[in-house]
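Engineer: give the three-dimensional model of this entry:
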Amino acid sequence: MLKYAKDGVSVVLTLDTRREKKDGLFPVKIQVVQNGKQKYYSTGKSLSEDEWELLPESKSRKLSEIRKDLENSFSMIKVNVEALVNEHEFTFDVLNLRLGKGLASHTLNAAFQAKIETLLEENRIGSYNYYKDTLKTIEEFAGKQIIFDYVTVDWLKKFEKHLLKKGRNYTTIGMRCRAIRAIMNDALSLSIIKEKQYPFGQGKYEIPTGQGRKLALSLQQIKSLVTYTDGSEATEHYRDLWFFSYLCNGINFADLITLKYSNIHNGEIYFIRTKTIRTSKIKKEICAIVTPEMQAIIDKWGNPDKQQVSYIFGFLKGGETAMQISMRIRDVISCCNKYLRKIGKAIGIAGLSTYTARHSYATVLKRSGTNIAYISESLGHNDLKTTENYLASFEKEERIKNARLLTDFGE
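Structural biologist: Numbers count the residues shown, from 1 in each chain. Predicted coordinates for the structure are as follows:
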């Protein structure tokens, strides 16, 4: 039927026979493929397999009209794909915006929705949830028809005040505004808005950065945490998972939950941080020694099915979709944080969370005189500067604490 291909991007009109409709017809779609990734665009038309075979040469009025509509739909997508390929700017995100996928009225909402759908199709569930949550927050503030013209410096300031009144901190506000900025950047590149309308940057709206409290424990506090028990199996389970995270180079809980027995080789655990798989050109493999304490935790709480494909801690069974894995990780982290808060209250440490394990791992090594290059490598950072900035936030807290000692007269 209709085909187009250039520089690794192809456009094909196809009958999607993957799912038959209740009326026995199949939807006609336009398939766009780039480097093995594909996306289907609806034409609003459906045909039987026999009608599809007859379509190119049929002279019947019905099929002729359908063919004309399909040619128009194909042409619209082809023209936009061709333009983006020629400009070396082709991505599915930009194509969606350029096609005006739900964007006829040029709304911020529709642009977010297009982004969300693309992320879901690419199984980028973390980013999918990030943009979905941001869209929900925006719509609670300004409704479901926010045209781009509304997104001004004053609008963003009011949005910030709205979130502060809702009890959100500046870290959360910064996250929401960075998502809006990403969408506005796409709108600017596609000339949906003009340069003078762009509301972000110096002298305009500057996204706030939160100074969230990154709690790092001392060795004595860690001892209090990992030896605490209230006789509850659940408390001890989540306590031990925190300890495992701390010992395993401060591994993020999302990575901990997806560890398999195949990640263990010769007494060491090897893994790549999920957070950096898509964002870093260099995929750094992190290596952590399986200490006797870690092995004891695996023996106590690990999956008894020790096949290489089995998940170590058994929260996942295998065969889950990317969305199901994401939801399971969220549930486990939420449950773990609930028990950590309970432990923290009992031992007098406020703010305990799964993140505290990573923060504590880094600062214990730093304060013990460990080479910063080793800390950087074990955390999976791509450069020393990232590690230095990461550690600096903890060291300021230490300096404040030490400064108070200067006037601690014991009164």
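Engineer: ok, now which ones touch the residue sitting nearest the centre point of the chain?
Structural biologist: Centroid-nearest residue in the chain, with C-alpha atoms, centre = their mean: residue 126, separated by 2.5 Å. Neighbouring residues of residue 126 by C-beta atoms under 8 Å, 6 or more residues apart in numbering: 274-275, 326. Heads up, the C-betas are built off the backbone N, CA and C, glycines and all.
Engineer: with residue 350 instead?
Structural biologist: Residue 350 is in contact with residue 344, counting by C-beta under 8 Å, 6+ apart.
Engineer: cool, residue 359 as well?
Structural biologist: By C-beta under 8 Å, 6+ apart, the contact list for residue 359 reads 214-216, 250, 394.
Engineer: okay, these in CSV with pLDDT, secondary structure and neighbour count next?
Structural biologist: Converted to CSV, the contacts of residue 359 look like this (pLDDT from 0 to 100; DSSP: H, G, I helix; E, B strand; the rest coil; neighbours: other C-beta atoms under 10 Å):
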residue, pLDDT, secondary structure, neighbour count
214, 70, coil, 19
215, 82, coil, 19
216, 86, coil, 24
250, 94, coil, 24
394, 68, helix, 18
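Engineer: now distance to residue 317 too, for those residues, in CSV please.
Structural biologist: Converted to CSV, these look like this (distance: C-beta to C-beta, whole Å):
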residue, distance to residue 317
214, 34
215, 33
216, 34
250, 26
394, 37
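Engineer: for residue 52, state which of those is nearest.
Structural biologist: residue 250 (55.4 Å; C-beta to C-beta).
Engineer: what number of residues lie near residue 333?
Structural biologist: Neighbour count for residue 333, taken as other C-beta atoms under 10 Å: 19.
Engineer: that one against residue 255, yeah?
Structural biologist: No. Here residue 333 does not reach residue 255: they are 11.7 Å apart, not a contact under C-beta atoms under 8 Å.
Engineer: who wins for most neighbours among the contacts of residue 126?
Structural biologist: Within the contacts of residue 126, most neighbours by other C-beta under 10 Å means residue 326, with 18 neighbours.
Engineer: tell me the SS of it?
Structural biologist: At residue 326, secondary structure determined by DSSP: H, G, I helix; E, B strand; the rest coil is helix.
Engineer: same check, this time on residue 168
Structural biologist: Relying on three-state DSSP, one would call residue 168 coil.
Engineer: contacting residues around it?
Structural biologist: Contacts of residue 168 (C-beta under 8 Å, 6+ apart): none.
Engineer: how far away is it from residue 208?
Structural biologist: Distance, residue 168 to residue 208, by C-beta to C-beta, to the nearest Å: 11 Å.
Engineer: returning to that earlier point: least confident of the contacts of residue 126?
Structural biologist: Among the contacts of residue 126, residue 275 has the lowest pLDDT, at 78.
Engineer: before we move on, back to that, list just the nearest of the contacts of residue 126 to residue 299.
Structural biologist: Closest approach between those and residue 299, by C-beta to C-beta: residue 274, at 25.6 Å.
Engineer: ok, that closest one touching residue 255?
Structural biologist: Yes. Using C-beta under 8 Å, residue 274 is in contact with residue 255, at 5.6 Å.
Engineer: chain neighbours aside, what residue packs nearest to residue 244?
Structural biologist: Spatial nearest neighbour of residue 244, excluding adjacent residues (C-beta to C-beta, 6 or more residues apart in numbering): residue 297 at 4.8 Å.
Engineer: what number of residues lie near the one you found?
Structural biologist: Neighbours of residue 297 (other C-beta under 10 Å): 22.
Engineer: CA-only coordinates of the helix or strand hosting it in CSV, if you can.
Structural biologist: Per DSSP states H and E, residue 297 falls inside helix 292-301. Extracted in CSV, the C-alpha atoms of helix 292-301 (Å, rounded to 0.1, in the frame of the first residue of the first chain):
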residue,chain,number,x,y,z
PRO,A,292,28.6,-12.3,55.6
GLU,A,293,25.8,-10.0,56.8
MET,A,294,24.4,-9.7,53.3
GLN,A,295,24.6,-13.5,52.8
ALA,A,296,22.8,-14.0,56.1
ILE,A,297,20.0,-11.7,54.9
ILE,A,298,19.7,-13.6,51.6
ASP,A,299,19.6,-16.9,53.5
LYS,A,300,16.9,-15.6,55.8
TRP,A,301,14.7,-13.7,53.4
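Engineer: contacts for that helix?
Structural biologist: 237, 240-241, 243-244, 247-248, 269, 290, 312-313.
Engineer: and the strands in this protein, which stretches?
Structural biologist: Counting by DSSP state E, residue ranges of the strands within the chain are 3-6, 9-15, 26-34, 37-47, 264-265, 268-272, 285-289.
Engineer: give me the residue ranges of this structure where confidence is low.
Structural biologist: Along the chain, segments meeting pLDDT under 70 span 100-106, 210-213, 278-282, 393-402, 405, 407, 410-411.
Engineer: domains in it, by residue range?
Structural biologist: Per automatic domain parsing, the structural domains of the chain span 3-88, 96-197, 219-405.
Engineer: as JSON lines, those domains with distance to residue 204 would be great.
Structural biologist: Listed next are the domains of the chain as JSON lines, based on distance: least, C-beta to C-beta, whole Å:
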{"stretch": "domain 3-88", "distance to residue 204": "27"}
{"stretch": "domain 96-197", "distance to residue 204": "5"}
{"stretch": "domain 219-405", "distance to residue 204": "25"}
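Engineer: quick one on the thing from earlier: which single one of the contacts of residue 126 is nearest to residue 47?
Structural biologist: Of the contacts of residue 126, the one sitting nearest to residue 47 (C-beta to C-beta) turns out to be residue 326, at 36.3 Å.
Engineer: quick check: residue 193 touching residue 147?
Structural biologist: No. Counting by C-beta under 8 Å, residue 147 is not a contact partner of residue 193; they are 10.0 Å apart.
Engineer: out of those two, which sits in the more crowded spot?
Structural biologist: Per other C-beta under 10 Å, whichever of residue 193 and residue 147 has more neighbours is residue 193, with 20 against 13.
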